[in-house]
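1. Let's see this in three dimensions:
(chains A and B)
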Amino acid sequence: MLSRGRCFPAASRIRPLVRAFCDAPPLLQDAAAGAPSSQDHTEKGDDVKARPDELDIAIVGGGMVGLAVACALSNMPLTKHLRVGIIDSNPALKSRNYLKKDGVPDSRVSTITPATISFFRDIGAWDHVQQQRHAFFGKMQVWDYTGLGYTRYSARDVGKEYLGCVVENKVLCNSLLLRLQEENGDIEKMIYPTRLISLALPSKSRQAPTREAISSGYPPEELNRSNLVKLELSDGQTLYSKLVVGADGSKSNVRQTAGIKTTGWNYPQSAIICTVEHITENDCAWQRFLPSGPIALLPIGDNYSNIVWTMSPEESLRHKSMSPEDFVKSVNNALDFGYGPHPHSGNLDYYMEKLFSDIGSTATSTKECFEVPPKAIGVVSERMAFPLSLKHSHDYVSKRIALVGDAAHTVHPLAGQGVNLGFGDAAALAKVIADGVSVGADFGDISMLKRYENDRKAANVAMAALLDGFQKMYSVDFGPLNVLRAAAFHGAQYISPLKKNIISYAMGDAKWPLFS
Amino acid sequence: MLRRVAPSLRRAILTSSAHGRAGAQLTEPGLSPRHALLPQWRLCSSAASTNSPPPPPPPPSSPPQGTPRPAGGSTVSSLNPAEVAKFAAIAETWWDSEGPFKPLHLMNPTRLSFIRSTLCRHFRRDPNSSKPLEGLKVIDVGCGGGILSEPLARMGATVTGIDAVDKNIKIARVHAASDPSTASIEYFCTTAEDLVKENKQFDAVISLEVIEHVANPSGFCESLSALTVPNGATVISTINRSMRAYATAIVAAEYILNWLPKGTHQWSKLVTPEELVLILERASISVQEMAGFVYNPLRGEWSLSDDLTVNYIAYGMKKVETPSESN
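-> Reported below is the predicted structural model:
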């Protein structure tokens, strides 16, 4: 009651202010010159801040992670009022319907962890994923070409129903878009189907008005915008935003403009991806470490599987151009024999099991034998190859800038963790923004954004280092090392606490690889 | 040894300069001449009380003291453009969250989360709202550069910020104008006492890190109480008069590390939580809740706690009856 009584005088105070903004000549000029006709000019009088070219948060890049940031923001009570824009010229952002389940799955897929799935549930996008093609898997087998070791993981080891889910990237994007559509009614206004040309960060020169500017009549609009980031778009439009989120991939334009440096190296490897078909449905994720790099076979529903195969760049070119029949033969060779015998349970394993069964309860998968992965009968999609690199941004944030996903870090794809780290970034950034709103902070402020960086950097570096270690460990074919690797596999297979720990880390439940 | 003390030191210093209303150097003492800062520190006590010792350069040349102009949002236009340019540059360092006031910016969210949660409860507002203080008239007594006033305005409050230092008010005005959501804040160079004389009243009166600088804390609290509407809220934060506060906020900060000018805080002027409760009670404000601030040096973040030994904050409710009636 009290509050309602007091709101009215406040509302009447705001109104003259709004009128002042609407009548300001520079604003109208701006709107006429810059904004496309799709912008709804009639609505801008509703809010003091609702100027068509001013945003609270501009997300550059409408990929999975960028859309996830937008979706997370529109789902939290404290942030749903924020004016968010997504800048991306990808025509896929126009999709407003479910993608059909029949037909061949796209070769670009992501293995998403239970932690990512629960994030999708929180932001209301998971229901849409479930309406489209996705494939849960509850088992995973990782083994070594030498035939010395293997590990089988099962969701039952950690009391879960599944270890992860394989979803096409376009399904993830589409689900996030559909959710945004539900939340915002019309997301046309939110999406700028264009590209970023340049960013002008607030600087001293823009902040402190020059004497000339003052003498020529200093408009309040300029002062208001002096600490916003100015974005110039390829369609000629200019936007101003309090915060720019760089979700524009590993070659991030935003990162480069902000002058944020990266550390990293290219792996002497490329990954080849494609979709293959089996005779029966595959329900397990398979990964075999070969001297040239790991090959993964991921179930994607029906009789299809996705291949992620790491090899030297020359080999990847050869595999890309060879006939489909030869490629299938090569895949089956890489997944089955081809390099060495199948690993099997021998006397060593019997003793290992006996030795470690005292440590904690035995994981159910410990007793499971090695299985041979299903054979591919045909390649049904285009084969795509891309170079691999490890890249880590020195900073994730600077004044009014935050980087998420591949713009901040790229990791080796061998465990399918890259996009999960990106979704982790999206969730953390949205939470930090909400915390900022709750205490009335300017969320472009660096001390606020640093919280996001502190939260994510350590976790991302740990994962990148671990995967880099794996990559290095398997790039050497050397007798004693092979035995050590095998011992590590045996350890992972038979030491249940270790095994459970590995599973929860890979599932995104635990923040640290060990001791968590 | 020194290194171990440092975090708690910083905590003490932080609060002591909390609005940044004095130009105290927090981390880099070499950045500006200290003697230049000293007068400002004295000034800030005059911000709060008319009884304080006469400050060296009194700032009464600014807009007629205590005669609030009816301006709302148009504060910028009434300024001298050249002055705007000059103070915009200063305001930038004042507000640079990576600059000398970084620790202060780090602490601000913690103070605000206390204020947000208590005011939401007091005025029965939805804590999930992005603007829970919508429509409430709030005054920030001793606003400095506006570090507290701006977040309050973003939470929806109709904010008035007062400070006796004219320079601070100019900086606060320029900075607030750079964001439409804070442009409606009204800043005046005046004192709480002067506003009382004008019979101004507010739903919530907030004065952080001021009471330890005033000559007459009970008189100051009487003024704060007079500015609060009946059943309104009052929030005060300060430094405790404890051995720990003495060691960190005074001995180490002023004499060992020279982070603050000597004499910034006088031991005898500090107020204990018990005394504050009593003073407020006499001023018809019943304290409802208190919390301490603790610094986590590992995370570099502040949090609320039950430990009131160094920095603490109190929220009280203005009683309906006048003091004379209650006695």
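
2. Residue A:127: helix or strand, and which one exactly?
-> Here residue A:127, judged by DSSP states H and E, is contained in helix A:126-130.

3. if you average pLDDT over that helix, what comes out?
-> Confidence for helix A:126-130, expressed as mean pLDDT, is 95.

4. buried ones in that helix?
-> A:126, A:128, A:129 (16 or more other Cβ atoms under 10 Å in any protein chain shown). Every C-beta, even on glycine, is put in place using the N, C-alpha and C of the backbone.

5. cool, and stretch B:197-217?
-> B:200-214, B:217.

6. Now go through these and say which are in strands.
-> In strands, defined here by DSSP state E, the members of these are B:202, B:203, B:204, B:205, B:206, B:207, B:208.

7. My guess is the second one contacts residue B:134. True?
-> Pointing back at residue B:203 there. No - in this structure, residue B:203 is not within contact of residue B:134 by Cβ atoms under 8 Å, at 11.4 Å.

8. tally of neighbours for whichever residue of chain B sits closest to chain A?
-> Nearest to chain A in chain B, going by Cβ to the nearest Cβ, is residue B:151, at a distance of 2.9 Å. Here the number of neighbours of residue B:151 (other Cβ atoms under 10 Å in any protein chain shown) works out to 26.

9. Flag every residue of the stretch 151-300 of chain B that's near chain A.
-> By the rule Cβ under 8 Å from any Cβ of the partner chain, the part of the stretch 151-300 of chain B lying against chain A is B:151-155, B:158, B:177-181, B:183-184, B:203, B:299-300.

10. Selecting buried members of these in PyMOL, what would you type?
-> Per 16+ other Cβ under 10 Å, the buried members of these correspond to this PyMOL selection:
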select buried, chain B and resi 151+152+153+154+155+158+177+178+179+180+181+183+184+203+300
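
11. which one among the residues of the stretch 151-300 of chain B next to chain A gets closest to residue A:255?
-> residue B:300 (24.1 Å; Cβ to Cβ).

12. Next up, phi/psi of that closest one, please.
-> The phi/psi pair for residue B:300 (degrees, to the nearest 10) reads phi 70, psi 30.

13. now swap in residue A:199 and tell me
-> Torsion angles, degrees, to the nearest 10, at residue A:199: phi -120, psi 130.

14. Quick check: it touching residue A:233?
-> No - applying Cβ under 8 Å as the test, residue A:199 and residue A:233 come out as separate, 10.6 Å apart.

15. so which helix or strand takes in residue A:152?
-> strand A:150-154.

16. Name the next helix or strand following that strand along the chain.
-> By DSSP H and E, the next helix or strand past strand A:150-154 is strand A:164-168.

17. Which secondary structure elements does that following strand sit against?
-> strand A:109-112, strand A:134-137 (3 or more Cβ pairs under 8 Å, 6 or more residues apart in numbering or on different chains; DSSP states H and E).

18. and the angle for the next helix or strand after it with strand A:164-168?
-> Counting by DSSP H and E, the next helix or strand C-terminal to strand A:164-168 is helix A:169-184. Per axes from the mean of the first three to the mean of the last three Cα atoms, to 10 degrees, the angle that helix A:169-184 makes with strand A:164-168 is 90 degrees.

19. pLDDT below threshold where in the stretch 101-250 of chain A?
-> Scanning the stretch 101-250 of chain A for pLDDT under 70 picks out A:148, A:203-224.

20. Give me the buried positions along stretch A:257-265.
-> A:257, A:258, A:260, A:262, A:264.

21. That one - what's its average pLDDT?
-> pLDDT averaged over stretch A:257-265 gives 88.

22. And stretch B:161-180, by the same measure?
-> Taken as a whole, stretch B:161-180 has a mean pLDDT of 86.

23. can you give me the end-to-end distance of that stretch?
-> By Cα to Cα, to the nearest Å, the extent of stretch B:161-180 from end to end equals 17 Å.

24. Residue A:88 versus residue A:193, what's the distance?
-> If you measure residue A:193 against residue A:88 using Cβ to Cβ, to the nearest Å, the figure is 7 Å.

25. okay, the two: which has more neighbours?
-> Comparing residue A:193 with residue A:88 by neighbour count (other Cβ under 10 Å), the higher total belongs to residue A:88, at 22 against 18.
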